[in-house]
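1. this is the structure alone, sequence omitted:
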């Protein structure tokens, strides 16, 4: 231990900028531009520049969603005509137009970060009058944070549709993650929700730029974009089925190489052309995330996941893993002999429980359900599919003629 | 949660840990502890996870306020002996800035400079802040700098993230029990006109 006086002496003078007196930020601007990102999602806070924390959430919203980032628009002025968006040019109830300056936005971010409210910045924007000018400002904000304020936290920059290759490259050099929202499952669905954006050239082509530049730079063993590229879709605005969404997301994972896709259930907003369309139930978003998890984390094959859709191509409001298990698992699984991938297909067994089962059985056999429960298996869901020590639960099918 | 390789470090911070417990736990490996079904080892796992959980919550919910230009301070009263660990975490995160965490009776001070951490353990939080105020060179022209109302800004931003169509208070309380809400200084949006009985039942 050293004395307090010595610590005071060692402290760097005027280490960080203050924002000035209270009231230096227009709270209406802060609120309006924050509201513009309510439906945008990012579940990462990983930055390699400081010691990574496992999934930290500094607060939760009143629906249980994590709030870890300062999510904001740079400006809510937009010339696009997305029919679901309150900032669109064709919205009749638009809020007052606001815009930050890079310096102001950097200072708000660093103040919230130092006070431990956030892990980083999520910066999106309306296109303004010129998306290149807005992208330049967004990149300037990230540059100020990294260089002037020595910010080592997380930065997620949204790439505006139609941005130039050079701006995208600059954004990738400063951010931990970049993303461009697909919004729709195909070009025809995009035409229905936003006639001013070209699906192929404004969005898909920009995703390919990000993919190609990342792999070029990675070949020189330089670390770039550690949290990768992601995307987001609006679910149900244009009537697409879950199967159509799944096919698009498969393309994104295989051809574009996105780290993950996010789904946002369509919610009609007043004053927009879509205000009278039906809101999508939140369970649809939840089931899409479960389907996504089965492909991305559990490594289910697309041919297996297709069995979770009904004849119209929509998911049921039940766990897709259960539907797939009922379709494919005719014989019970013995936890003492089953392969890791086979264990993962049992409802109630996730990757962590499956790893524990494989490690445990090397030392001694599994003889009771209680042992599986202690390893984290949800035994009520798993028991109908398991055969433990030669015994299996009775199921109704056994008694049917 | 998984039992980490350095589980002894977390176990040593538990308020009920003693030398005998540490000596017996020192014979075990992390992977054996992870898979063990023995009651004694299950108790050790519970203790380790309790400390890890509190460390994670403190890193998430402790709020720091600026004091001048060189100090960040926050109220802090943990259940386990994690004070230095948390203070060092914030010091590394804000290199060159003095971190003061404490309560009415104790305070912990850390400073990270050029990769090295300097520490002190003081009396109450307000007493340590007063001593720092008189010792620090970081005042502009001899006057105190007016710090921004970061809490006010945060509340405006937090309220802007509210989606009425996604309201699910049961999920909110599961993720953030009342104790953590108070620690984080969270004030929910008032919606008294549409309040139902469930809004008044705490979990």
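-> Received it, and whenever you're ready, just let me know what you need. Only a predicted model underlies this, so the values are computations on that prediction, with no experimental measurement involved.
2. just for chain B, where's the confidence low?
-> By pLDDT under 70, the low-scoring segments of chain B are B:137-148, B:177-203.
3. actually the stretch 101-250 of chain A, not the one I typed
-> For the stretch 101-250 of chain A, residues meeting the criterion pLDDT under 70 lie at A:221-222.
4. residues of it that sit close to chain B?
-> Counting by CB under 8 Å from any CB of the partner chain, the residues of the stretch 101-250 of chain A close to chain B are A:108, A:111-112, A:114-117, A:150, A:152. In this view, the C-beta of every residue, glycine as well, is placed from N, C-alpha and C.
5. buried ones from these, can you make that a PyMOL selection?
-> Per 16 or more other CB atoms under 10 Å in any protein chain shown, the buried members of these correspond to this PyMOL selection:
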select buried, chain A and resi 108+111+112+114+115+116+117+152
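6. kindly reformat the residues of the stretch 101-250 of chain A next to chain B as TSV containing distance to residue A:328 and secondary structure.
-> TSV is the format used below for these (distance: CB to CB, whole Å; DSSP: H, G, I helix; E, B strand; the rest coil):
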residue	distance to residue A:328	secondary structure
A:108	51	helix
A:111	53	helix
A:112	48	helix
A:114	52	helix
A:115	51	coil
A:116	47	coil
A:117	46	coil
A:150	53	coil
A:152	46	coil
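7. hmm, which two among the residues of the stretch 101-250 of chain A next to chain B are most spread apart?
-> The largest separation in those, counting by CB to CB, is between A:117 and A:150 at 18.6 Å.
8. chain center to the helix or strand harbouring residue A:122, what's the gap?
-> Counting by DSSP states H and E, the element that carries residue A:122 is strand A:120-124. Remark: strand A:120-124 is offset 13 Å from the chain centroid, using CA atoms, centre = their mean, to the nearest Å.
9. elements contacting that strand?
-> Counting contacts by 3 or more CB pairs under 8 Å, 6 or more residues apart in numbering or on different chains; DSSP states H and E, strand A:120-124 packs against strand A:69-73, helix A:102-114, helix A:131-143, strand A:154-158.
10. can I get these in TSV with distance to residue B:81?
-> Shown next, in TSV, are the helices and strands packed on strand A:120-124 (distance: least, CB to CB, whole Å):
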stretch	distance to residue B:81
strand A:69-73	31
helix A:102-114	26
helix A:131-143	39
strand A:154-158	30
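11. nearest to residue A:81, out of those?
-> That would be, of these and by CB to CB, helix A:131-143, which comes in at 14.3 Å.
12. which residue is nearest the middle of chain A?
-> Residue closest to the average C-alpha location in chain A (CA atoms, centre = their mean): residue A:42, at 4.0 Å.
13. and what of chain B?
-> Residue closest to the average C-alpha location in chain B (CA atoms, centre = their mean): residue B:58, at 1.9 Å.
14. let me see the contact set for the closest residue to that residue other than its chain neighbours.
-> Spatially, and ignoring its direct neighbours in sequence, residue B:58 is nearest to residue B:86 (4.9 Å; CB to CB, 6 or more residues apart in numbering or on different chains). Shown in contact with residue B:86 (CB atoms under 8 Å, 6 or more residues apart in numbering or on different chains): B:55, B:58-59, B:62, B:76, B:78, B:101.
15. may I ask which of these has the most neighbours?
-> Highest neighbour count within the contacts of residue B:86, by other CB atoms under 10 Å in any protein chain shown: residue B:101, with 27 neighbours.
16. what packs against the helix or strand where that residue lies?
-> In the assignment (DSSP H and E), residue B:101 maps to strand B:98-102. Packing partners of strand B:98-102 (3+ CB pairs under 8 Å, 6+ apart): strand B:71-75, helix B:83-93, strand B:107-113, helix B:125-135.
17. quick check: residue A:231 is in a strand.
-> Yes. Residue A:231 sits within a strand when classified using DSSP: H, G, I helix; E, B strand; the rest coil.
18. go ahead and confirm it touches residue A:261.
-> Yes. In this structure, residue A:231 is within contact of residue A:261 by CB atoms under 8 Å, at 5.4 Å.
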